[in-house]
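> My questions are about this predicted structure, shown below with the sequence.
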Amino acid sequence: MNAAESLFRPPCPKPLSPLMGLVRSIASGEGDLLSLLPKDAYEVDIGTLGYSRRSIIIVNKPEYTRHVMTDAIDIFPKNDLMKGALAPLVGDSLFVSDGETWQRQRKMVEPAFSFIRLGNAFHAMQAAVDQFQDTLTKRSESGETFSLDFSMSHLTADIICRTMFSKSLESDVAMDVFESFSLFERSVSNVKLSQLIFGKAWSDIKQTDEVLAACKRIREQLGVLIDESIVNEAAADGLARAVVDARDENTGEGFTRDELIDQLGVFFLAGHETTASVLTWAFFIIASRPEVAQRIRDEVDQAVGENKIGFDDIKKLPYTRNVFRETLRLYPPLTFIPRVAAESCKIGKQKIKRGAMIMIAPWAIHRHRKLWDEPELFDPDRFSQEREGNIVRGSYIPFGQGPRVCAGATFAQIESTLILASIVRAFDFELFDKEKVKPVARLTTRPKHEIQCRVKKRQ
């Protein structure tokens, strides 16, 4: 058995021809683009993706993706499908805005993230993880079955709630926000095949009454949390207060209340939903591969023994961190980063017409045959000190790239390393029906059906 044969191949759709992929995607009833992606999507540098009225161009070559994502003159603004999915929740905030609006917002919120990285966010992470481990201990004693997906969402939402508002998720208002976010994530229409194939560029993307009601509820409750954080001295170290205090360098003005809700809505969504997606897949893989769990445990034992994992210990856990990074490669939370051509142009030698959808797909780039060896295999040691230099520059973009790179990337890596190290050394997970687990592209890369599991506390 060679090294590749001994590695794990986590679930993913088998690439088919464009026609068969379309048939499979329609049959799945999910509007799932992962099933739609043809074999060519994992092999070409740039090319047309199937048939559509507006033209969909998939861009894989790192040189070309950098050109699109470092766009300084707004030829490739955010796509209407993304804006249509998120605008009811986050308005014209940092995640969906373009041009001068985006530049103003980014300059205002960057100091807040610097503050968080230098502040006490790690203590919020530790407190949430400690409480979650108490919950897992009770589940171990009762033997109950629970949803891995929901548990990861709850844990990461608790962390971002503590970080933003200096309070746990257990408050009624915070829990209402979380539950409404869960409804939003399950129900929001991110991609409809009919709109993708037959729709015009810059069309209105309508959401259901259920989604709009959830967005209204989230925004109302975020407003309550913002108001509480302003008058609560205990929340002075939270991200929310830092964003409230942010000022435009030209006018000296801060965000309006609606703008605060927009920005903090993005932070709550990006700060828990994306990380929860990756952790769900990471624990699925770890539970499927005992040797991965053992390497994490050995590393934690060597780094900290039986002591609590501190901030300075995170850098002593390279394999645990690489498990997270490799899971990010295989299951990037943002499956697709769609843009739109605001004018006719060229990318490389490819002619692009005005209104064409430019599809940068971390999912496809991270599994591209020209960019990665054995791209469908789980191999955390790709990111080891000895092998990381072999990774093609620009072929790993789970947090985007260029000026729009995710400001919370460092936060997510520290948070996830702590969670994996703390929980794996203390618990074993037992999965149910793991052969039925398959990924789909919703708002993030999620299992089609929730992963059910049990947990056992290690001695």
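Arrived safely. Just so we're clear, the structure is a prediction, and the values are computed from it rather than from any experiment. Numbers count the residues shown, from 1 in each chain.
> only C-alpha atoms for contact and neighbour calcs from this point on.
Will do.
> Secondary structure element holding F399?
Under the criterion DSSP states H and E, no helix or strand holds F399.
> which residues does it contact?
405-406, 409 (CA atoms under 8 Å, 6 or more residues apart in numbering).
> what's the answer for H123, then?
For H123, counting by CA under 8 Å, 6+ apart, there are no contacting residues.
> Next, P10: phi, psi?
The phi and psi values for P10, taken as degrees, to the nearest 10, are phi -70, psi 160.
> I'd like the numbering to begin with 287 instead of 1 from here.
OK, 287 is where the count begins now, so the last one is P296.
> Quick check, it in contact with F664.
Yes - P296 lies in contact with F664 (CA atoms under 8 Å); the separation is 6.9 Å.
> Distance-wise, check L620 relative to D659.
Counting by CA to CA, to the nearest Å, the gap from L620 to D659 is 22 Å.
> Please tell me the pLDDT value assigned to N608.
On the pLDDT scale, N608 is placed at 98.
> How about the secondary structure of it?
helix (DSSP: H, G, I helix; E, B strand; the rest coil).
> Now do the same contact list for it.
If a contact means CA under 8 Å, 6+ apart, then N608 has 666-667, 669-670 as its contacts.
> Return a PyMOL selection command for the buried portion of those residues.
Per 16 or more other CA atoms under 10 Å, the buried members of those correspond to this PyMOL selection:
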select buried, resi 666+667+669
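> among the contacts of N608, which are in strands?
Per DSSP state E, strands hold no members of the contacts of N608.
> from the contacts of N608, which is closest to T542?
F669 (42.5 Å; CA to CA).
> Distance check, that closest one against L614.
F669 is 12 Å from L614, by CA to CA.
> Flag the shaky bits of this protein, pLDDT-wise.
287-292, 303-318, 400-406, 475-485, 488, 519-522 (pLDDT under 70).
> Please enumerate the strands of it.
332-334, 342-345, 432-433, 623-626, 631-633, 636-638, 643-646, 713-717, 725-727, 731-733, 738-743.
> Distance from the second one to the middle of the chain?
Centre-to-centre, strand 342-345 and its host chain are 21 Å apart (CA atoms, centre = their mean, to the nearest Å).
> what sits up against it?
Under CA under 8 Å, 6+ apart, the answer for strand 342-345 is 327, 331-336, 351, 642-647.
> Go again with 6 Å.
Under the contact criterion CA atoms under 6 Å, 6 or more residues apart in numbering, strand 342-345 has outside partners 332-335, 642-646.
> Also the first one?
Surrounding strand 332-334, the residues in contact under the criterion CA under 6 Å, 6+ apart are 342-346.
> If you tally nearby residues, what's the number for L706?
Using other CA atoms under 10 Å, L706 has 22 neighbouring residues.
> Kindly report the same for R581.
14.
> Need the nearest residue in space to it, chain neighbours excluded.
Residue nearest to R581 in three dimensions, not counting chain neighbours: Y605, with 7.7 Å by CA to CA, 6 or more residues apart in numbering.
> And I512, by the same measure?
Using CA to CA, 6+ apart, the closest residue to I512 is A526 (6.7 Å).
> wait, doesn't that neighbour sit right on M450?
Yes - counting by CA atoms under 6 Å, M450 is a contact partner of A526 at 4.9 Å.
> So which of the contacts of N608 is the closest to T387?
Among the contacts of N608, and counting by CA to CA, the member closest to T387 is F669, at 36.3 Å.
> what's the closest non-adjacent residue to that closest one?
N608 (5.9 Å).
> Quickly note the distance from that neighbour to L657.
Relative to L657, and taking CA to CA, N608 is found at 18 Å.
> do S563 as well
Taking CA to CA, one finds S563 at 24 Å from L657.
> which of those two has more neighbours?
Applying other CA under 10 Å to S563 and L657 shows that S563 carries more neighbours, namely 25 against 22.
> Next one: that one from V376, what distance?
In terms of CA to CA, S563 sits 20 Å off from V376.
> cool, and I677?
Taking CA to CA, one finds I677 at 35 Å from V376.
> Then R615?
With CA to CA as the criterion, R615 and V376 are 27 Å apart.
> A407 now?
Relative to V376, and taking CA to CA, A407 is found at 24 Å.
> Between these two, tell me which one has more neighbours.
The residue with more neighbours, out of A407 and V376, is V376; 26 against 23, by other CA under 10 Å.
> Was I right to think the more buried one contacts L550?
No - the criterion here is CA under 6 Å, and V376 misses it with L550 at 8.3 Å.
> Just give the closest residue to the spatially most central residue of the chain, not the sequence neighbours.
Nearest to the geometric centre of the chain sits T560, at 2.6 Å (CA atoms, centre = their mean). With sequence-adjacent residues excluded and distances taken as CA to CA, 6+ apart, T560 is closest to P619, at 5.2 Å.
> tell me the contacts of that neighbour?
P619 sits in contact with 560, 730-731, where contact means CA under 6 Å, 6+ apart.
> Give the residue from L620 and D659 that has the larger number of neighbours.
Remark: of L620 and D659, L620 carries more neighbours, 23 against 13, as counted by other CA under 10 Å.
> Name the nearest residue to the more buried one, ignoring sequence neighbours.
Nearest non-adjacent residue to L620 (CA to CA, 6+ apart): T730, at 5.4 Å.
> so how far is A707 from the residue nearest to the centre of the chain?
19 Å.
> Check S439 too.
From S439 to A707 the distance is 18 Å (CA to CA).
> Name the nearest residue to V590, ignoring sequence neighbours.
The nearest residue in space to V590 (CA to CA, 6+ apart) is D599, at 7.2 Å.
> Could you give the number of residues near the one you found?
13.
> measure it to R607 for me?
12 Å.
> do E660 as well
The value you get for E660 to R607, if CA to CA is used, is 21 Å.
> that older thread, and which of the contacts of P619 is nearest I512?
T560 (22.3 Å).
> Report the buried residues of stretch 493-507.
493, 497-498, 500-501, 503-505, 507.
> buried set for stretch 365-385?
365-384.
> Beta-bridge partners for K742, please?
Beta-bridge partners for K742, by DSSP bridges, are D714.
> how deep is it tucked in, by neighbour count?
K742 has 18 nearby residues by other CA under 10 Å.
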